[in-house]
Structure formats: structure tokens, C-alpha cells
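Novice: give me the fold of what follows.
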Amino acid sequence: MAVRISATVLSLAVASCGADPTVTSVHVPSDAASTDGADVAVEPPKSPPSIENVDPPRGAFVDELSVTLSGETRPGTAPISAVSVSGTDATRDGDRFSHAIALRPGVNVIGVRAEADDGERAVDGRAVYAGPRWPAGSTIPNAVGLHFSPLFLDDDEPDPDDLSGVLETLLVDPAFLAGLSSEFDTEYATLTPTSVVIGGAALEITPVQDALILDATLTDLEVQADVVGKGLASLFTGPATLRFDRVDIHLEVSLSTTDGKATAEVLASDFASEGFDLESEKLDELAVDFPSTAAALENVVYELIVGQVSTLVSDTLGGALPKLLDGLAYQGEFGTAAPIVVALSIESVAVADHGINLTFAATIAPKVPSVSPAPGSVTTPEGIPAGAFSAEPIALVLDDDVANQALFAIWAGGLGLPSTLYPVAPGEEPTLDAAGLPKVFQPIAKVTSTIGLPPSLGPRLLDQDALPFEVAVGETALTFETTDARRFTCVLNARAGFGLALNAEGLLAATVDPRPKTIEVAVGCPDVPVGYDAGNVAALLKLGVPGLLQASSSGLAIALPGLPLGSFIESGPLAAAQIVLESPVIAAGEGGHAVIIEGKALYRAGP
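Specialist: Numbers count the residues shown, from 1 in each chain. Now for the predicted structure:
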């Protein structure tokens, strides 16, 4: 039997449908009267079907990369004609349905849709976190790689933006040279330097298979030392000053690791000098009465000092290389709202004609875990590339396992906790345009959110464009409370293209693809007030997901850490200096399972 309402009431209801999805279905016959106050015959309102008892549950952690999703449907005013899961028809058995899904490592977006014969529909959006996982706080081996090409080892330029330039600066730095006072002992005498001065240094570094070739030229080298002679050489005991106009040293050095530390071994060395001069009051006095003895002692001292200088330079250069590499084992914190602790340790060092390759184990964990313990971050079998994976002077590569561990740590450290988006505390920047929310949520009183799953990063599959990765977010629950005591809870799940690039401030910033056609979205609204169509509310929110993703990514920016040269010395020109990447380019490794950040080296005098 038809219900009769006035035309005025009908027009108001139809006008409000787009902004307030309370009316599920209204039909106006084509011959209905349109005069205000006249009665119009209207069909009874339709009711949509429902989707219930879906398994796996929301936010589940699934060990395998496949799952059979199942659930039940309940018809509304008409029989259900079709059920689909993520766009594919599901298998139906009465009110039950099921569908086998191949999953990707990390967050998977799943949409379920039930359609009825009368055009009504029900939707459900959820996400699961799939695949093998690292336990929270694990140390991930082979997680980070670093490649120094021959251009970074030696670019034939005077600036200290390459390894040879850094060592050249180090060799003439008085603060560094002041620490070179190791005792040198032979069967003839013991020589202890008290002062070392090098007027100039030129260094060439050439990588070959399994070794670095270092050719150093030192000019105006002066060593002041205390000499304690033995036997006949005891006549020479006392202070002495030794000078060389030029010293040429050739070294072959191998690099390796021991207990997480870099080590160097001098495989071969060669020493040549020009313009040797020795000053010693004791020797001058001895030369007056015993000139031949003085000459012999001078030859002994020359041999001593040649060995001392050769050992000094070899130890200095050989010792500086491990110190530099050990300085790359970053230990520190990132972030403020949900800070994470990052710890790297050197696993391996390899030298070839294409340069130096280092690998690091990594541990990334929340500084203060806030979310209840979860199974951990996803792992994939692919590792970081090896060999000459970049032609740039410096290239950093991160395995997707460690990238996902970082996302997990941020989530576990606070991102996954409930937060209030509106209203904000006095003085805080608003994170939500409350006035811009759909009319159905007005007048708004409060908006809260909870991110139920850690975000995940993976290869780009949705669209082959300039963005090399995809980021997926799941079980982001938004609760809207109105001033008239209505309450809506909806869950957003999305996968979108993702990239990294430098912003105008020189920070490494995130970019998310906002195009609706290239975003996978599933929204479900499990809790809406009586009289509201959950599917209509979900559709309204789904339209806003692209803008929400773009807005949320705009604040994700970090400064790339540099190579701290202070690992060599605590004072002098290098103490506060670092080498950073100039205009780095971010790309995906083969298959999209690694993040490569590469570029030219830039010397920065201050922090």
C-alpha cells in the first residue's frame, strides 16, 4: 500500500539526499502532481542488504600471502543478486559467501560489496597485514647498503668533498697531528715524537679488486722527537728535529670487519724521500770530537726516522679509513610526535674497481612503545643490490624490510594510538577542516581517529608512473560525534602511489598520488545512527580519501643524515663538518623492493 506525503516534504527530502544520506530510496511517479500541498503517491522506502560475520576480522595479522575471506549477507527489501570481493565475484552458498585472495606483503585493502535486485547495496571495507614478519625490535641483517664510487674516493679536486680530500685536510691539521705521539722502538734507539708538522699533503686513492691503492705526497714534513739511544747510540740521547722536503708513500690497504667494526690491513708499502735534515745538539757536539761516529749515528737516525715516518703515515691513513667507515654506523633518533631509535652496525666491507660497498644490519624501534605488542613488520625475500648498483659518487640503499620496520616503529611508538583531530587544544595547529566535513556530520562536536595497522611500503603495481612505490594504510577508524548526539564510525583503507623527493627546504619529503583512478580504496561504516544508510556514508568518505592521503603526506619530511667527519677528531676544521648528498635522487631498486638514494657529495663545514 502506497504512503502519501505532501510535495513540499518530498522535495525537501530529495534535496537533502546528496548531503545527508538518511533516505535510502524515494520514487516519484512520472505523472505525480507537483502542486505544493497536493498528495503524491510514493513507494515504501527500500532497505539495503547487510554484510555480517566477515572473516578474517578487521586488522588481522595473517602469516601467509593468501587467505579465504568469508562472510554472510542478509537481504533487505529485495533478494541479493551478487556479492563481490575486491571487484571479483565471490562464491555463494545461500546467505554465505567466500573468496580466495592472493595477498601482498604488508597491508592489503579488501572491499566487499553485496547488490540487491532493487538496486540497493551494502559495502564493507577492511584491511589485513599479511606475510612473514620480523618480531618487533629485531635486528635485520643486510638491511642497508652504501656504495662509494671512485669519484667519491678521489675526484681530483681540492675540496674535502671526497675521501682523498678529507684525508688531505686531516694530514695537515695541527689538532690531528698533535695526537700522533706513539713511541717507536728499535734495537738502536727509542724515538718518541713530541711534534709533527706537515706543510702540504696530496693523496690519490684508487680502488682495485680487494684493496685500495693510496699514493701520498707530503711536503715540508717536520718531526720533533725525544731520542733515547742504546749502546753506542746512547751518545745521541736527547731532543732532535728531523725534516724532509718531500716524502712519497705508496700503500696497498685491504678493508674488512671484525665484531661490527671496520678494520684495515696494510698489504704493501713503499717509502721515498727527498731533502733530509737532522738537527741535534748532542749530535753536533759529538761531531766535533768524533765526526765518523756522528756520521754513523746520523745514518742510524735517518733509518729510524724513515721507518718511523713510514709507519706513522701508514698507521694514520690505515687507521683513518676504519674510523671514517665506523662513523657511518648511525646511532640516533628520528621524529618528535612518535620518535624512533635507529641503530646501524657494519656487517661487511668490500672493495672492487667500482669502489667500496658496505652493508649494515639495522634495528629500528619506537623510543617509547605505546601500542600493545603486535606481531612485527613484514619481511620479503628480496635483498639490497650488490656491486656497482649506482654510478653516482654516493648511493644509499634501504631494503624494504627496514623501511617497513621504520613504519612499524612509528606506528607502535604513538601513531597507532587514538588521537583527537577536532577540536584541538589551544595553541595547536588544526589537522582537520571541520567546516569542510560533509553535511551529514554537521554540526560537528568531535572527531577522533585510530590507525589500526602499521602502514606498509611495497613496489608500484597500481600504475606504472613516476612514483616508484606504493604505500598502504589500513583500519584507519574515524569517529564523528555531532552536537545533537549522533555518532558515526567509519574505517578507511587505501593503497596509493608513493615517492620521495627533496622539498623547497631541502628535506626528504613524501609524495602520494592523489588521482582517484590510481588509488585502491575500501571504506566501511560499521556504526551509523538508525535511519542512515551506511553505504551512502561510506561513499561520501570514499570521495574524500584522495585529498586526505595528500594532506596527511604533506607533513612527512625528514633531513637526510650526513657523513660526520667528527669521527676522526674532536677539534679542528673537520670536527663539526659533514658530507651530505647534494640534490639526491630517489629511485626503486630492481623489483621495487629497495629504496635507492643517490647523488653527489657536498662538504658542509657546520652541522
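Novice: for the rest of this, base every contact and every neighbour count on C-alpha atoms.
Specialist: Will do.
Novice: the residue nearest to the spatial centre of the chain - nearest residue in space that isn't next to it in sequence?
Specialist: In the chain, the C-alpha closest to the average C-alpha coordinate belongs to Ala403, at a distance of 5.4 Å (C-alpha atoms, centre = their mean). What sits nearest to Ala403 in space, not counting adjacent residues and going by C-alpha to C-alpha, 6 or more residues apart in numbering, is Leu457, at 7.2 Å.
Novice: parallel or antiparallel, list what pairs with the helix or strand hosting the one you found.
Specialist: Secondary-structure element containing Leu457, defined by DSSP states H and E: strand 456-459. When sheet partners are counted by DSSP bridges, strand 456-459 sits next to strand 469-482 (antiparallel).
Novice: what's the very next helix or strand once past the strand it pairs with packed up against?
Specialist: Along the chain past strand 469-482, the next helix or strand (assigned with DSSP H and E) turns out to be strand 487-502. Under the contact definition 3 or more C-alpha pairs under 8 Å, 6 or more residues apart in numbering; DSSP states H and E, strand 487-502 sits against strand 106-116, strand 121-130, strand 469-482, strand 508-512, strand 520-527, helix 534-553, strand 578-588.
Novice: and strand 487-502, how far from the chain's centre?
Specialist: Using C-alpha atoms, centre = their mean, to the nearest Å, the distance from the centre of strand 487-502 to the centre of the chain it belongs to is 19 Å.
Novice: that older thread, the residue nearest to Ala403: neighbour count?
Specialist: The local packing count at Leu457 equals 27, with neighbours defined by other C-alpha atoms under 10 Å.
Novice: and what of Gly589?
Specialist: Neighbour count of Gly589, defined by other C-alpha under 10 Å: 21.
Novice: which phi and psi does the residue located most distally from the centre of the chain have?
Specialist: Note on the chain: the largest separation between a C-alpha and the mean C-alpha position, by C-alpha atoms, centre = their mean, falls on Asp289 (73.3 Å). Phi and psi for Asp289, reported as degrees, to the nearest 10, are phi -100, psi -30.
Novice: still on that earlier bit, do I have it right that the residue nearest to the centre of the chain meets Pro455?
Specialist: No: counting by C-alpha atoms under 8 Å, Ala403 sits too far from Pro455 to count as a contact (10.4 Å).
Novice: so how far is Cys490 from the closest residue to Val491 other than its chain neighbours?
Specialist: Distances taken as C-alpha to C-alpha, 6+ apart place Ala477 nearest to Val491, at 4.3 Å, with adjacent residues excluded. Using C-alpha to C-alpha, to the nearest Å, one obtains 6 Å as the distance from Ala477 to Cys490.
Novice: circling back: now the residue nearest to the centre of the chain: how far from Thr379?
Specialist: Taking C-alpha to C-alpha as the criterion, Ala403 is separated from Thr379 by 10 Å.
Novice: in this protein, where is pLDDT below threshold?
Specialist: Residue ranges of the chain with pLDDT under 70: 1-43, 180-181, 464, 551-556, 567-571, 606-607.
Novice: can you map out the helices along it?
Specialist: For the chain, the helices identified by DSSP state H occupy 7-16, 150-153, 163-171, 174-177, 281-289, 291-326, 400-410, 534-553, in order along the chain.
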